[in-house]
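Enquirer: Task: produce atomic coordinates for the following.
(chains A, B, C, D and E, ligands or ions: 4)
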Amino acid sequence: MPVSLRKLIRLLLGLAIAAVVWEGAVLLFGIRPYYLPRLSTILLAMAATPRAYVDGFLRTLAETLIGFASGGAFGVLMGVAFFRLRALREMVFPIFVVSQTIPVIAFGALVVLWFGNTLLAKAIIAFYLTFFPVTVNTLLGLETVDPKQVDLMRSFGASNRQLLLRLQLPTALPQIFVALRLAASLSLVGAIVGEWFGDTTGLGVLLLQAMFTENVVAIWAALLAAALLGTGFYAVVAAVERRLVFWSAEQ
Amino acid sequence: PAAELQKASLRLKWLPQAQFAGFYVAAAKGYYKAEGIDLTINPGGPNLLTENLVATGADTFGLSGGTDSVFAARDKGLPIVCIGVSHQITPFIFVARKDGPVKTIQDFKGKTVTTWFTGANHVLTGMLAKEGIKPDELKIQPQQVSVTPFVDGSVDVVTATYYNEFYTIQSRMPKDSLKTFVAEDYGITFPRDTLIVAEATAKEKPELVKAFLRASLKGWKDAFSDPKGAVDTVMAVAPTLDRAQQEFMLTEVKRLMTAGAAGKNGLFWIDADAVKTAHDFFLKYGVISKPVDLAAAYDASFIQSIPAADRLP
Amino acid sequence: MQAARLPNPGPTTEAPQARPEPLLYLGALNKTFGPVAALSGLQASVGPGEFVTVVGPSGCGKSTLFNIVAGLEEPDAGGILRFEGKSCHAADLLGRVSFMPQRDLLFPWRNVVDNAILALEVEGMPRDQARAKALKMLPEFGLAGFEKQYPNQLSGGMRQRVALMRTFLFERDLMLLDEPFGALDALTRAMMQRWLLDVWQKYRRTILFITHDVDEAIFLGDRVLVMTARPGSVKLEQVVDLPRPRRPEIVTSPEFVRLKRTLLDAIEEESMKSFQSSIAQEKPQ
Amino acid sequence: MQAARLPNPGPTTEAPQARPEPLLYLGALNKTFGPVAALSGLQASVGPGEFVTVVGPSGCGKSTLFNIVAGLEEPDAGGILRFEGKSCHAADLLGRVSFMPQRDLLFPWRNVVDNAILALEVEGMPRDQARAKALKMLPEFGLAGFEKQYPNQLSGGMRQRVALMRTFLFERDLMLLDEPFGALDALTRAMMQRWLLDVWQKYRRTILFITHDVDEAIFLGDRVLVMTARPGSVKLEQVVDLPRPRRPEIVTSPEFVRLKRTLLDAIEEESMKSFQSSIAQEKPQ
Amino acid sequence: MSRALASPSLAVQRGILGAFILVACWEGAARGLHLPAYVLPAVSDILAGLWSKRATLTDAAGYTLLEALVGYGLGCLIGIGLAVAIALVPALRTAILPLATAINSVPVVGYSPLILLWFGIGVSSKIVMVAMAVSFTILLSMLAGLDRVDRRAIDLMRSFGASRFGVLWRLRLPTALPLLLAGMRVSTVRSVIVAIVTEMLGAHGGLGWVIYQAVLQIDFVQVWAAIFVASAASLAFFGLIGFLERKILFWT
Ligand SMILES: Nc1ncnc2c1ncn2[C@@H]1O[C@H](COP(=O)(O)OP(=O)(O)OP(=O)(O)O)[C@@H](O)[C@H]1O
Ligand SMILES: Nc1ncnc2c1ncn2[C@@H]1O[C@H](COP(=O)(O)OP(=O)(O)OP(=O)(O)O)[C@@H](O)[C@H]1O
Ligand SMILES: [Mg+2]
Ligand SMILES: [Mg+2]
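Expert: Ligands and ions are numbered 1, 2, ... in the order given. Model prediction:
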């Protein structure tokens, strides 16, 4: 489609301008490299050890995807369960809230203890950060269904399941996707933090490595890679949203 | 034959870097396999307590924080034993600017000093105590990841390890513009980077422990004799590291590991006197709540069982 | 199920109460929403195969009545509700009457065909089959060629026709239509009316039909119920004893005009009441 | 601003083109939505103070026409649009005509009064003042006592009356009403019609009025525009030369019946077309 | 839909019941399986620890809550401000959204060297981090809410001559409120946790600081005690916003 092509060109143009501004600003204002290194230096550093970045990228991507998928699915599921079972919601929802106040980072040892040094452990942290917003938004979305539409479906003799699948979930979909977009970013954050619990590959490892050796170029390289992954993933989720939630794309 | 290999893991205190070169060299050269151990090296991370992981059995061996963390772990009832000490002298130094207001440790008073609360703070407290200074006479702040505040002059004294931060500082400021304060000059020694195992392992699998120590020692000796090759081995695991920095680190680590009693007794020697001094100090300052049974906490028998020739660097 | 039905008894002049077994019987129905009494002591019955139209002032409780008969709201305690000869709760009627609500309530994520087959899907008919069935009906509703459009691309009348089609595809003995032709132009409306009568006579469905158009009420109905102002009850049950099939010309016949006069008078009286009560309620501000 | 207006010229029999200066002139308007041509070559003009009603088959483009005149959609390039004698873009008309859309579009978070004063608030009138103004009008719209209700507590007809009131409070020379009385019962409708004529005559507002009810179109209008089937254009401009004020009885007068016949014939022809084209478009499935 | 109907006391009772079951299981597991404190301390021990350290913990909680609340407020303002800016000037969308996403793809801790560098180790760096995390959530929620509006309703407002701002104020903001408030509710918890995590990287005080030091001293009872305090504070914060939400969104 020419529209998407035009968008792509605009995007590339925007990136190119940003790159030039970055490079130019560093050179022009003589910014000290440990505040902000030149973009070209960073890219060269990445090119020097491409495998490390590619491997890290893929590994983090895998963790992110698993965490996102499971967190998203669990979040929607719990949203639906809470919507249906008021008592369950009142009993468990506060615990969900509380669970979100536990800083995983303080329990690295426990995570390793329970889930080992596996990809799974990282995915679980991504999951942990992801599911909560999805649950909240699913619940909210389900609650905004027009009662008159519910009445209509019920007058057709619709079962609760049909009501859910044909009316409530579609109505909630726009809201769910808001949370999923947020979750796309959060699951990556979770994966990266998860990699800080003793791992050898991943963007989180590269970031940590660079942070503590104060290798500013490597910090920026890891940040760029993470930003690329995050923005790309977000864009994919947003694209899926545009396809699935076409009717509310009124703008 | 792989079937007879015994599975084990070593938890480092941090990510792969030349600080742990010997272990990586030993693994790469198959020294652990030769001893019948299928060893996995697990890196550490922030807030990842090696003592905790070893105590719970998640890892077999651990390179933990130091004598201070071993005391703390024992104090809290974690069933771990130290089987070797890597850095024989304090790896921390305190750095000030030569042209700045801090000329002697007395000048610390009223100045901004940043330090890590992961052990280095005790070194500082100890040094100050020897000079009769109370910690609340200076502005001690938690030190952040970057040394930039010091380089920029917003901090008067910064804590550094010889092998990492000191390198960064020197790369940003001329070496001769710096004034350093070394713990040993004030009669303080906090050996760090302790090798630990669970009590159960020490009791039930002494052969495994010894085999591990033997292989590790070989690896370290190789690393010291061929630093370039050792850095290659480390960088194969962590390719984004800065080579110059790693070479510097290995040099410094060698100095720390071969200092003091190690010169006479070899690598990973447990210097009972240094341990005792540190223990008494921690007890005095309330870092640990009650005296620790040092004999149970520090078991030198494993390292001593290895022929001195194999231990000496 | 339509096969099992008795032949339509056709319009009669006898009072509906005399019928042996009404399909739907409502007695002493009340419904209040907080302080607002929407229905009060409503009594009515609908025979099988009958076409009953309902008129009444705006806000008198017609839609509320439909909601009860569709099973969506329970009347206040004490009311009597009988369907197919058995006393029942409103909720028992869910899925047993086909109901077209006053607002079209189309789902924005479904195109015309998929909105139309909603009820069929709920019944469990495979999608393809349901779609094929719906596609055949599109021209009858003047929607051919629009099957792939989404609701926001339709005109008001088209939306209403889609909602109507959705109701028709849900084949039940009792149909409740709440102003189904409100947004249609005169001719489309006339065509739909004729078509509705055809369907009704062919399949013998029972129809309850709300409208604001008295002509329409007389033209279509076997009986016209005129409701009182809020709180609604039945003010007048007017049997329409015009022969069927009815031709459009019938609206000018003296009998039709006479009926219209009677009904208009009754409605006017009630509408005036509802306006007066409105004015009486006005608070000095 | 109403004070500055000329007195209403009143209904005349002369062709509207002959008027010296139409308030609104539309020429050769086209509007397409993707593959659907909604309007094609539409030409019309509305004189100041005139009451023009629009009828036409469902989906022929009436609401589209209103959207253009309200300034919400630009017609396709090439069309002519003149307002108050000046050529302009559709967007220039935003805020200069008062528009009542086909769906009520009440805001669920505003109660009856606050929905009604929406346009006044947009204009910058202080809330209290606007509310006071609206409260005075409530009884006229049969909404007294309901000022604190929220839209989900209102019947369909009540919602429509709130929307109508909102439009009336937005006082502009040109009013566009898209089926304003669609969901009202016969009497309320008749009352609102009479009231609308009163307002129109008192304030000399120009009104464009879409309806599906030919009686209503004739009863209210100075002129009736009959639109063709989609793509819509004006098929017939029928001047209604009935004297004003018009009494309800007028609907039975021979002149009225004659006009109605003419209009119905025209609409019927177009409606048939739109159904036929629908059928022609049907794809074999 | 039925939110308004359920009696709040019943909800509270059920909440307490849920908490009680959880605590019972926890206590049972810790005591029954003789779990050492460094794996999972018993609730009773944690509560005892909490009581004995109450002064320290109260101070720390105050410190953390201050950071969280100020950061939260700031984050809400920024998020709402950006969303509103995008709504008013749609061209900004392509500029702001990808940038915000990119920034948020990196864990806040990733920025800690920079943020600590720029804002120091005190309260302000925590506030900045919290504001960053919160503003993104708010931005996304608010934007989705603003976009959700019925186009016909916008048209109606435009026909009244409403400016972009008028449409925003009278139509789009009320439409966006439910989603905005949901975002704000989710963010309460995140604001506290980001404050804590940032404190763990370097601070003068606060619950994160307490946790960090307790972890080093292998004092897991104190870690959990601090987390209990943080949870209670977050829950209260969450409940407060939920309460406001129900008050504001009366029409849903
Ligand atoms: N959910 C509700 N809450 C409060 N009041 C309601 C509710 N539903 C209906 N009402 C009130 O009940 C009365 C009857 O409403 P109903 O919708 O049945 O009227 P109607 O006869 O269908 O009117 P119309 O012809 O205008 O559609 C009205 O006064 C209305 O305000
Ligand atoms: N946004 C849109 N996208 C695509 N098609 C549209 C859109 N809006 C209107 N149409 C099409 O334009 C045609 C005219 O629609 P419009 O709403 O103007 O009809 P109308 O005359 O008002 O009909 P009704 O009397 O049923 O309200 C219809 O065929 C409709 O499907
Ligand atoms: Mg109704
Ligand atoms: Mg229309």
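Enquirer: shaky segments in the chain?
Expert: Here I'm looking at chain A. A:1-3, A:248-251 (pLDDT under 70).
Enquirer: My question was about chain B, not that one.
Expert: In chain B, residues with pLDDT under 70: B:1-3.
Enquirer: from it, which residue is nearest to ligand 3?
Expert: B:Asn47 (63.6 Å; Cβ to the ion). In this view, the C-beta of every residue, glycine as well, is placed from N, C-alpha and C.
Enquirer: what does the stretch 151-251 of chain A give?
Expert: Proximity to ligand 3, evaluated over the stretch 151-251 of chain A using Cβ to the ion, is greatest for A:Asp151 at 13.1 Å.
Enquirer: tell me which helix or strand of chain E sits lowest on mean pLDDT?
Expert: helix E:108-119 (a mean of 74; mean pLDDT, DSSP states H and E).
Enquirer: give me every residue that touches B:Thr125.
Expert: B:Thr125 sits next to B:Pro135, B:Tyr285 when contact means Cβ atoms under 8 Å, 6 or more residues apart in numbering or on different chains.
Enquirer: Swap in 6 Å and give it another go.
Expert: B:Pro135 (Cβ atoms under 6 Å, 6 or more residues apart in numbering or on different chains).
Enquirer: Would you state the helices of chain A in chain order?
Expert: Per DSSP state H, chain A carries helices over the ranges A:2-29, A:39-48, A:50-84, A:86-99, A:108-115, A:119-143, A:147-155, A:160-162, A:169-194, A:203-212, A:216-244.
Enquirer: Which of those sits closest to chain C?
Expert: helix A:147-155 (4.1 Å; Cβ to the nearest Cβ).
Enquirer: so which strand or helix has B:Gln245?
Expert: When elements are assigned from DSSP states H and E, B:Gln245 belongs to helix B:243-258.
Enquirer: after that helix comes which helix or strand?
Expert: Next helix or strand after helix B:243-258 toward the C-terminus (DSSP H and E): helix B:262-265.
Enquirer: and that next one, how far out from the chain's middle?
Expert: Taking Cα atoms, centre = their mean, to the nearest Å, the mean C-alpha location of helix B:262-265 is offset from the chain mean by 17 Å.
Enquirer: Find the nearest non-adjacent residue to the residue of the stretch 151-251 of chain A closest to ligand 3, please.
Expert: Nearest non-adjacent residue to A:Asp151, counting by Cβ to Cβ, 6 or more residues apart in numbering or on different chains: C:Leu72, 4.4 Å away.
Enquirer: wait, that neighbour sits on A:Gln149?
Expert: No: contact criterion Cβ atoms under 6 Å: C:Leu72 and A:Gln149 do not qualify, at 11.5 Å.
Enquirer: more neighbours, those two?
Expert: Higher neighbour count among C:Leu72 and A:Gln149: C:Leu72, with 22 against 18, using other Cβ atoms under 10 Å in any protein chain shown.
Enquirer: Would you double-check that the more buried one falls in a helix?
Expert: No: assigned with DSSP: H, G, I helix; E, B strand; the rest coil, C:Leu72 falls outside any helix and is coil.
Enquirer: need the contact list for A:Ala52.
Expert: Counting by Cβ under 6 Å, 6+ apart, A:Ala52 has contacts B:Pro239, B:Thr240.
Enquirer: and with 7 Å instead?
Expert: Counting by Cβ atoms under 7 Å, 6 or more residues apart in numbering or on different chains, A:Ala52 touches A:Leu206, B:Pro239, B:Thr240.
Enquirer: Next: A:Ile176.
Expert: By Cβ under 7 Å, 6+ apart, the neighbours of A:Ile176 are A:Val76, A:Val134, A:Asn137, A:Thr138, A:Gly141.
Enquirer: Please report the distance of the second one from A:Leu180.
Expert: A:Val134 sits 7 Å away from A:Leu180, going by Cβ to Cβ, to the nearest Å.
Enquirer: Kindly report the same for C:Phe33.
Expert: 38 Å.
Enquirer: who in the stretch 151-300 of chain B is up against chain C?
Expert: Contact residues, the stretch 151-300 of chain B versus chain C (Cβ under 7 Å from any Cβ of the partner chain): none.
Enquirer: can you give me the strands in the stretch 151-300 of chain B?
Expert: Assigned by DSSP state E, counting those that start in this stretch, the stretch 151-300 of chain B shows strands spanning B:157-161, B:178-182, B:192-198.
Enquirer: Quick check: mean pLDDT of stretch C:22-31?
Expert: Across stretch C:22-31, the average pLDDT comes to 90.
Enquirer: That stretch: which residues count as buried?
Expert: If you call a residue buried by 16 or more other Cβ atoms under 10 Å in any protein chain shown, then stretch C:22-31 has these buried ones: C:Pro22, C:Leu23, C:Leu24, C:Tyr25, C:Leu26, C:Leu29, C:Asn30, C:Lys31.
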